[in-house]
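Engineer: Pasting a predicted model and its sequence here:
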Amino acid sequence: MELEFRSFDKAVMQLAGGASGAVEQAVPDNLTFTQQGAFDVQVRGDLFLTPESFDAGVLAKMQTSARLSRGLPVGMAELRDVHVHLLTGIVFDTGNRCLWQGWLLNWNAPVLGGNLMYEFGGAKDAACHVFDDGELRGAQTIESAVLIISAGYRVYGHWLLDHLPRIGRVADSVFGVHQALRLPEKTWARTLTGLFAPACRFVEAGDGATFVKVERLLVPTTARAYGALEEHSMRSAWTRLNDILKQGAPAGQPSRRLFVSRQMLREGRKNNRAIGNMAAVERLAVAAGFEAVHPETLSFAEQQKIFSEASVVVGEDGSGLHNAIFCRPGARLGVISTDRKNTLHAMIANIRELHITYIAAQELQGGADGDAAYRVHPRDFKTMLGVLLAGH
């Protein structure tokens, strides 16, 4: 069977009344949409602590993301009579002979193309996907379900940004469908979904099943598109998570200084984006009064507690810094980055009313530091600490 790629974003925008220009595709009869909001990112003027150098590049990228995402609708879509691939959450709509892709599904074209190559042997960047539909025949049928799984389902940072806002919208919805696809594999993901129970009950459909047919599939749109975060959905989900985790309001003013360490994660792993001298940088931070924390060793309640007590957080670009969602307004965040200008930490800071600054690691030539590709200059790190600690 040959399945074309169709834009979920365009179809939803047409249903929401936001499409402009010539209609490029007809909206199929099996897709409906209930709008609950829209992207409209406003970057705070006081967000960055040092508005020059690397911070300026991150700001420019944020502004581009805000422009590209503005107006994208947020809400709950409904697809009828479709198959879902349980390992990835890719929606096979054989009635319309298509695979659905789009930012609002968290399956933009490059990500979906790479996943098809990995899971199904499809060609990256192809115009359509040729698929043997034999696996679909005999698939278990479910009357109704909610689709949460999508790209990044195995990554902690993606859960905080991509999946929790969708689960939160299900918990707030009046649709009355609480069976979700699919049960997470990671222990921490199971814990997170358990915190939202019984509002969103995850069920694995059939032992060893690859596909499931769903007569009524509810799809909460993602709250991240083009690198931008939709503030209302994110704030609602993070507030709910904070309220569930905390044991009462934290006392006093936040005063802890945290260095988010990735040293335990790095052990035994090769990473061509690794910063080779992070152990030395960590020692500099500890000498400056920071405490090294390893979020992966802590419970969610412990992570919420220590980050809510922090006035300054610094660390290497990665999922651990996403715990800044637990910081209280006014806290400062320092990001040690490679050259990729990851805006997600700045987007989190923008929503949580934090202040942020970045420094860039220097790229090494010819593998000068083993497997590492980058190195932080100690002078740059000390300058960052001076900016973060000024007045703190």
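Structural biologist: Arrived safely, thanks for sending. In this text the structure is predicted, and so the values were computed from the model without any measurement.
Engineer: can I assume Ala361 is in contact with Met384?
Structural biologist: No - under the criterion of Cβ atoms under 8 Å, Ala361 is not in contact with Met384, lying 11.6 Å apart. Yep, even glycine has a C-beta here, placed from its N, CA and C like the rest.
Engineer: who's more crowded, these two?
Structural biologist: Ranked by neighbour count (other Cβ atoms under 10 Å), Ala361 and Met384 place Ala361 first, with 26 against 21.
Engineer: Next, count neighbours for Asn342.
Structural biologist: The number of residues near Asn342, taken as other Cβ under 10 Å, comes to 17.
Engineer: Now do the same contact list for it.
Structural biologist: Each residue near Asn342 by Cβ atoms under 8 Å, 6 or more residues apart in numbering is listed here: Asp317, Val335.
Engineer: so how far is Asp132 from it?
Structural biologist: 38 Å (Cβ to Cβ, to the nearest Å).
Engineer: Can you check the distance spanned by stretch 186-201, start to finish?
Structural biologist: 16 Å (Cα to Cα, to the nearest Å).
Engineer: Now do that stretch, average pLDDT.
Structural biologist: Taken as a whole, stretch 186-201 has a mean pLDDT of 79.
Engineer: Repeat that for stretch 114-125.
Structural biologist: On average, stretch 114-125 scores 84.
Engineer: Off-centre distance for that stretch?
Structural biologist: Relative to the centre of its chain, stretch 114-125 is centred 22 Å away, using Cα atoms, centre = their mean, to the nearest Å.
Engineer: Contacts for that stretch next, please.
Structural biologist: By Cβ under 8 Å, 6+ apart, stretch 114-125 touches His85, Leu87, Thr88, Ile90, Trp107, Ala109, Gly113, His129, Val130, Phe131, Ala151.
Engineer: any chance of those residues in a markdown table, plus distance to Phe307?
Structural biologist: As requested, the contacts of stretch 114-125 are exported to a markdown table (distance: Cβ to Cβ, whole Å):
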| residue | distance to Phe307 |
| --- | --- |
| His85 | 35 |
| Leu87 | 32 |
| Thr88 | 31 |
| Ile90 | 34 |
| Trp107 | 30 |
| Ala109 | 35 |
| Gly113 | 36 |
| His129 | 42 |
| Val130 | 47 |
| Phe131 | 44 |
| Ala151 | 26 |
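Engineer: So among the residues you listed, which ones count as buried?
Structural biologist: His85, Thr88, Ile90, Trp107, Gly113, His129, Phe131, Ala151 (16 or more other Cβ atoms under 10 Å).
Engineer: Just send the residues you listed back as a markdown table, with secondary structure too.
Structural biologist: Listed next are the buried ones among the contacts of stretch 114-125 as a markdown table, based on DSSP: H, G, I helix; E, B strand; the rest coil:
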| residue | secondary structure |
| --- | --- |
| His85 | strand |
| Thr88 | coil |
| Ile90 | coil |
| Trp107 | strand |
| Gly113 | helix |
| His129 | strand |
| Phe131 | coil |
| Ala151 | coil |
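Engineer: Tabulate those in CSV, adding columns for distance to Thr32.
Structural biologist: Shown next, in CSV, are those (distance: Cβ to Cβ, whole Å):
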residue, distance to Thr32
His85, 22
Thr88, 24
Ile90, 20
Trp107, 19
Gly113, 27
His129, 25
Phe131, 25
Ala151, 24
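Engineer: Lowest-confidence one in the residues you listed?
Structural biologist: If you rank those by pLDDT, Phe131 sits at the bottom with 84.
Engineer: Now that one: phi and psi?
Structural biologist: phi -140, psi 130 (degrees, to the nearest 10).
Engineer: thinking again about what came up before, which two from the contacts of stretch 114-125 end up farthest apart in space?
Structural biologist: Spanning the widest gap among the contacts of stretch 114-125 are Val130 and Ala151, at 21.7 Å by Cβ to Cβ.
Engineer: quick revisit: out of the contacts of stretch 114-125, which is nearest to Tyr226?
Structural biologist: Ala109 (12.5 Å).
Engineer: any idea how far Ala151 is from that closest one?
Structural biologist: As judged by Cβ to Cβ, Ala109 and Ala151 stand 12 Å apart.
Engineer: got it, and Ile356?
Structural biologist: 25 Å.
Engineer: again, but for Ala361
Structural biologist: 26 Å.
Engineer: which ones are touching the closest residue to Cys128 other than its chain neighbours?
Structural biologist: Spatial nearest neighbour of Cys128, chain neighbours left out: Glu4 (4.5 Å); criterion: Cβ to Cβ, 6 or more residues apart in numbering. Contact analysis of Glu4 by Cβ under 8 Å, 6+ apart lists Arg97, Cys98, Leu99, Ala127, Cys128.
Engineer: Quick check: the gap between the third one and Glu4.
Structural biologist: Looking back up the chat, that one is Leu99. Applying Cβ to Cβ to Leu99 and Glu4 gives a distance of 7 Å.
Engineer: burial count for Gly138?
Structural biologist: 10.
Engineer: And for Ala287?
Structural biologist: Other residues close to Ala287 by other Cβ under 10 Å number 9.
Engineer: Report pLDDT for it.
Structural biologist: Predicted confidence (pLDDT) for Ala287: 96.
Engineer: elements contacting the longest helix seen in the chain?
Structural biologist: Assignment by DSSP state H gives helix 53-69 as the longest helix of the chain. The contact analysis (3 or more Cβ pairs under 8 Å, 6 or more residues apart in numbering; DSSP states H and E) places helix 53-69 against strand 228-229, helix 344-352, strand 355-360.
Engineer: any weak-confidence spans in this protein?
Structural biologist: 18-25, 173-178, 198-199, 203-208, 247-251, 264-273, 366-372 (pLDDT under 70).
Engineer: residue ranges for the helices of it, please.
Structural biologist: Using DSSP H, helices in the chain cover 8-16, 53-69, 109-120, 156-158, 164-172, 187-195, 231-245, 263-266, 278-287, 300-308, 344-352, 378-389.
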